[in-house]
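*Asks:* let me see the structure of the following:
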Amino acid sequence: MTPNTPTADPPRWVYRFDNYRRAFSLLREAMETQQERPLTQLEKEGVVQRFEYTWELAWKLLKDYLDSQGVVLEMITPASVIRAAFAAKIIEHGDVWMRALDARNKMAHTYSFKSFERVIADIQTDYLPILDALHLWMLERRVDDAHG
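*Replies:* Numbers count the residues shown, from 1 in each chain. Model (predicted):
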C-alpha cells in the first residue's frame, strides 16, 4: 500500500467496540475483586456505575452493529435494539438482556444499599455472562473485519 492510497474508515461499531472492551474489562475486574474479598460500600457503588456505563455501551454497540448490517429500526431505544439483536441472533437470552435494562434504569435513579446488593448479585450471576458473550461475539467480528 502506498502512502497516498485511501483506506476506508472502519465501521462505527468497531470504535464503539473498543470502548466497550475497556468498559467490560473494568466491570469484570471489579467483579473478580468481589470474588477475592468483600467490597466496601464505595466499591459497590463503583461496580454499579461500571455496570451502568458498560450497559450503555453494550446496547449502543448492538445498535451500531445492526446499522452496519443494514438493519433499520423504527424506534431507537435500548429495548428495540435488544429485540432486533436477539432476532438477528447476535445475542441470546433476550429476557436477561431486558432484565439488565430494567436494572440499569432502576440503578440510575436508586441509591438504596439493598438495591445495590441485589444488582451486584445479578451482575455476577446473570449480566456479566451476557456481556461477556457479547464481548466474545463482537471480538470474533472485529478480527474478521480486520482480516476481511
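*Asks:* tell me which residues of stretch 67-86 come out buried.
*Replies:* By neighbour count with 16 or more other Cβ atoms under 10 Å, stretch 67-86 contains the buried residues 67, 71, 78, 81, 82, 84, 85, 86. For the C-beta atoms, the positions are set from N, CA and C on the backbone; glycine is no exception.
*Asks:* pLDDT weak spots in the chain?
*Replies:* For the chain, applying pLDDT under 70 flags the ranges 1-7, 145-148.
*Asks:* what about the residue at minimal distance from the centre of it, distance to residue 40?
*Replies:* The centroid of the chain falls nearest to residue 58 when counting by Cα atoms, centre = their mean (2.6 Å). In this view, residue 58 and residue 40 are 26 Å apart by Cβ to Cβ, to the nearest Å.
*Asks:* what is the longest helix along the chain packed up against?
*Replies:* If each helix of the chain is counted by residues according to DSSP state H, the longest one is helix 41-68. Applying 3 or more Cβ pairs under 8 Å, 6 or more residues apart in numbering; DSSP states H and E, we find helix 41-68 packed against helix 12-36, helix 78-87, helix 94-107, helix 113-122, helix 128-147.
*Asks:* if we go to 6 Å?
*Replies:* Applying 3 or more Cβ pairs under 6 Å, 6 or more residues apart in numbering; DSSP states H and E, one finds that helix 41-68 makes contact with helix 12-36, helix 78-87, helix 94-107, helix 113-122.
*Asks:* got a markdown table for the ones you listed, with distance to residue 50 too?
*Replies:* Conversion of these to a markdown table gives the following (distance: least, Cβ to Cβ, whole Å):
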| stretch | distance to residue 50 |
| --- | --- |
| helix 12-36 | 4 |
| helix 78-87 | 18 |
| helix 94-107 | 11 |
| helix 113-122 | 11 |
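*Asks:* for residue 138, find the nearest of those.
*Replies:* Proximity to residue 138 (Cβ to Cβ) singles out helix 12-36 among those, at 5.0 Å.
*Asks:* can you pull the buried residues of that closest one?
*Replies:* In terms of neighbour count (16+ other Cβ under 10 Å), helix 12-36 has its buried residues at 13-14, 16-17, 20-21, 23-24, 26-28, 30-31, 34.
*Asks:* good, we can wrap up now.
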